[in-house]
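J.: could you work out the structure for the sequence below:
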Amino acid sequence: MRAIEALAPGGPDVLRLVEVPDPEPGPGDVLVRVAAAGVNFIDTYRRSGLYPMPFPHVVGSEGSGVVVAVGPDVTDVAVGDRVAWSSAPGSYAELVVVAAQDTLPVPDDVDDATAAALPLQGMTAHYLVTSTFPVTPGQDVLVHAGAGGVGLLLTQLAVARGARVLTTVGTPEKEELSRAAGASDVIRYTELADLATDLPARVRELTGGAGVHTVFDGVGRSTFEASLASLRPRGGLALFGGASGPVPPVDPQRLNSGGSLYLTRPTLAHYTATREELLWRAGELFTAVAAGGLDVRVGAAYPLAEAADAHRALEGRATTGKVLLLP
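T.: Below is the predicted model of the structure:
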């Protein structure tokens, strides 16, 4: 089969289209023919060596497709089933082995591209607003990268739960997308002289001086200081990613001086630790999509061979919504 390997730690140029043997499902696994693979920042962290990985390795962990074989001990997934997944190493390929317990059944009225776009970013947005800092009616929340894949979904889910959502974006086009997702106020960080001071000042201006109840920050290093300073007393910062780089060590005393703030660094695996929780989160998302209550934007879809270009676009903040690879 064809697959994309990262040959060594480095930039997008280390990605190569290669021919490798077809994988075989082991006990508890299924083999899936990939219809679409999701491109995510975690793929770039693993490719670059920021997250330790063996090299070479086939990149990717998310996608959708059709089951073509099942391994021993698999009873609840069958050949021909349409499934999606968020945690199957080697998903930038024509075939991938997925643990049966990690598969998500895809409803008939959800297409392959949407199914591949939802698992990681959708369930991330879902756990943030339902479990990490549950969003309630009347709250003010700030979402960074409001036109990104998680940002657009986060905004819609938070608005549906009764919140007023403020977002940050970089361009007028991204502002338009963010507002269409339900953002009440959109701040273009490119127009701020000093992000660390000007953004909190703008947030407080928009919230009557109070600050927001919650900040959902997937950007990291460049936004962290502004995120903390934008919170009201006893507010919470969920730092769920590091698109601009990792945040330096933080003195916990800063949370005290900021107003008894909460800071967490969550990850999806801890919020889908059981099969029941995984299916609950995915089921709510697929149901919302099928009912027309959640719009999933696929901003770009690249042929498998152009994975390096997809990584360049993602890291260069040239994308909106979800980026996919199509084997």
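
J.: His213 touches Gly236, doesn't it?
T.: Yes - in this structure, His213 is within contact of Gly236 by Cβ atoms under 8 Å, at 7.3 Å. Every residue, glycine included, has its C-beta placed from N, CA and C.

J.: tell me, what's touching the two both at once?
T.: The overlap between the contact sets of His213 and Gly236 (Cβ atoms under 8 Å, 6 or more residues apart in numbering) consists of Phe133.

J.: higher neighbour count, those two?
T.: Just comparing His213 and Gly236: by other Cβ atoms under 10 Å the higher neighbour count belongs to His213, 21 against 17.

J.: any idea whether that one is helix, strand or coil?
T.: strand (DSSP: H, G, I helix; E, B strand; the rest coil).

J.: what sits against it?
T.: So His213 contacts Phe133, Gln139, Asp140, Val141, Leu231, Arg232, Gly235, Gly236 (Cβ under 8 Å, 6+ apart).

J.: tell me the one of these nearest Glu277?
T.: Phe133 (17.3 Å; Cβ to Cβ).

J.: residues contacting Pro12?
T.: Arg47, Ala307, Ala308, Asp309, His311, Arg312, Glu315.

J.: buried ones among these?
T.: Listed as buried from the contacts of Pro12 are Arg47, Ala307, Ala308, His311, Arg312, Glu315; burial here means 16 or more other Cβ atoms under 10 Å.

J.: and those, which is closest to Ser64?
T.: Out of the buried ones among the contacts of Pro12, the member with the shortest distance to Ser64 (by Cβ to Cβ) is Ala307, at 16.9 Å.

J.: what's the closest residue to Leu206 other than its chain neighbours sitting at in phi/psi?
T.: Distances taken as Cβ to Cβ, 6 or more residues apart in numbering put Asp185 closest to Leu206, at 5.2 Å, once the chain neighbours are dropped. Phi and psi for Asp185, reported as degrees, to the nearest 10, are phi -140, psi 130.

J.: for the stretch 201-327 of the chain, what spans make up the strands?
T.: 212-217, 231-239, 262-264, 298-303, 322-326 (DSSP state E, counting those that start in this stretch).

J.: most tightly packed of the ones you listed?
T.: strand 212-217 (a mean of 27; mean count of other Cβ atoms under 10 Å).

J.: quick one: strands adjacent to that strand?
T.: Here strand 212-217 is paired, per DSSP bridges, with strand 140-143 (parallel), strand 231-239 (parallel).

J.: can you say which of the ones you listed is nearest to Leu326?
T.: strand 140-143 (28.4 Å).

J.: which element follows the closest one toward the C-terminus?
T.: The element immediately downstream of strand 140-143 (helix or strand, assigned by DSSP states H and E) is helix 149-160.
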